[in-house]
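S.K.: Predicted model and sequence below, questions to follow.
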Amino acid sequence: MSYTFNLLESRHHVKDYTDVIPDKVLLEEALWCAWKTTPSKNNAMPWKVFVYGPDKIEEKIKVWKIVHGNHMRREVKALEEGEATTTEKGRINPFYSHIKDNPYLICVHAQPRNPNKYYEQKVRLGMYFDQAWESQVDNFIDTSAIEVGMFIQNLSSYLLEKNIDVSYTSCFYRDIKKWHEYGLTYSNFRPIILMSCGYKKVFRNEIIKEWGSDKEDIKPNYKDIVEWI
């Protein structure tokens with residue numbers, strides 16, 4: 001297989017990171033490369049990447065509480081709507097620990113963005129540049145999310161090349177007001193994804209294997225996902 005395949009195949013969800021902190025320079029290089037190589041509609045990049053460093057311990061715990069709180073809320077709601085038969089009754093998901101115990105936590109939020117000079121001219125000629133308007137964030141969020149997914153994938157590749165492990169989470173409150181309630185006021189717009197990174201101590205799949213469930217926790221069959229028309 002190709003180098004890229006082997007690199008990406010080496011990525012696994014991290015349960016716990018070691019106490020060794022990757023050099024900030026390595027993160028900066030990977031972030032810059034991801035920014036440089038990620039495409040964006042109209043070159044707008046209507047989203048923003050916030051990075052919590054090793055010193056932001058309290059802030060990471062708050063983000064973790066947002067993740068855990070949302071998980072509990074969704075379970076209760078699913079039970080009420082008949083989509084679940086029971087809840088885990090507040091049990092803390094051990095695979096969310098990477099959100100609070102990590103060297104670096106990356107939070108990507110939506111962010112309206114003014115057009116560059118080229119599109120400023122287009123706007124003067126009548127083009128509607130929706131990415132510039134706060135009122136349109138929820139309308140262009142799908143496009144933003146796709147772009148952010150590409151950014152995160154690119155960033156993952158650059159970090160994996162440096163032997164830095166990464167994990168993702170999309171279980172959190174979308175309503176930015178909930179973030180503000182926890183004192184996280186660095187953004188006024190909804191979050192899109194969370195990503196932690198560092199040097200792994202234990203992968204999730206290693207724990208699953210210890211439980212004897214590694215043969216059961218698998219992706220759908222390739223042919224169920226990809227169909228030629």
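M.R.: Received the coordinates, thanks.

S.K.: Do you know the pLDDT at the most far-flung residue of the chain relative to its centre?
M.R.: Within the chain, L125 marks the point farthest from the mean C-alpha position, 36.7 Å out by CA atoms, centre = their mean. pLDDT recorded at L125 is 97.

S.K.: can you check T4 too?
M.R.: Looking at T4, the pLDDT reads 92.

S.K.: in which helix or strand would I find it?
M.R.: helix 3-9 (DSSP states H and E).

S.K.: Touching that helix from outside, list them.
M.R.: 1, 156-157, 160-161 (CB atoms under 8 Å, 6 or more residues apart in numbering). The C-beta positions use only the backbone N, C-alpha and C, and glycine is treated the same way.

S.K.: Can you name the next helix or strand after it?
M.R.: strand 14-17.

S.K.: what about the strands in this protein?
M.R.: For the chain, the strands defined by DSSP state E cover 14-17, 47-52, 104-110, 165-169, 191-198, 200-203.

S.K.: Now do the contacts for the residue nearest to I21 when sequence neighbours are not counted.
M.R.: Distances taken as CB to CB, 6 or more residues apart in numbering place P103 nearest to I21, at 4.4 Å, with adjacent residues excluded. Going by CB under 8 Å, 6+ apart, P103 touches 17, 20-22, 53-54, 197-199.

S.K.: With distance to Q111 and neighbour count as added columns, please give those residues in JSON lines.
M.R.: JSON lines is the format used below for the contacts of P103 (distance: CB to CB, whole Å; neighbours: other CB atoms under 10 Å):
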{"residue": "Y17", "distance to Q111": "28", "neighbour count": "24"}
{"residue": "V20", "distance to Q111": "32", "neighbour count": "9"}
{"residue": "I21", "distance to Q111": "28", "neighbour count": "15"}
{"residue": "P22", "distance to Q111": "26", "neighbour count": "20"}
{"residue": "G53", "distance to Q111": "20", "neighbour count": "14"}
{"residue": "P54", "distance to Q111": "25", "neighbour count": "15"}
{"residue": "C197", "distance to Q111": "21", "neighbour count": "27"}
{"residue": "G198", "distance to Q111": "26", "neighbour count": "26"}
{"residue": "Y199", "distance to Q111": "30", "neighbour count": "16"}
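
S.K.: can I get these in JSON lines with distance to R74 and pLDDT?
M.R.: Output for those, formatted as JSON lines (distance: CB to CB, whole Å; pLDDT from 0 to 100):
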{"residue": "Y17", "distance to R74": "26", "pLDDT": "97"}
{"residue": "V20", "distance to R74": "34", "pLDDT": "98"}
{"residue": "I21", "distance to R74": "33", "pLDDT": "98"}
{"residue": "P22", "distance to R74": "32", "pLDDT": "98"}
{"residue": "G53", "distance to R74": "30", "pLDDT": "98"}
{"residue": "P54", "distance to R74": "30", "pLDDT": "98"}
{"residue": "C197", "distance to R74": "26", "pLDDT": "98"}
{"residue": "G198", "distance to R74": "27", "pLDDT": "98"}
{"residue": "Y199", "distance to R74": "31", "pLDDT": "98"}
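
S.K.: Among those residues, which one sits closest to I92?
M.R.: For these, the closest approach to I92 (CB to CB) belongs to Y17, at 17.6 Å.

S.K.: coming back round to it: next one: the helix holding T4 to chain centre, how far?
M.R.: Centroid separation for helix 3-9 versus its chain: 20 Å, with CA atoms, centre = their mean, to the nearest Å.

S.K.: And the residue lying closest to C33 once chain neighbours are set aside, how far from V166?
M.R.: Among residues not flanking C33 along the chain, Y158 sits closest, at 4.8 Å (CB to CB, 6+ apart). Using CB to CB, to the nearest Å, we find Y158 at a distance of 10 Å from V166.
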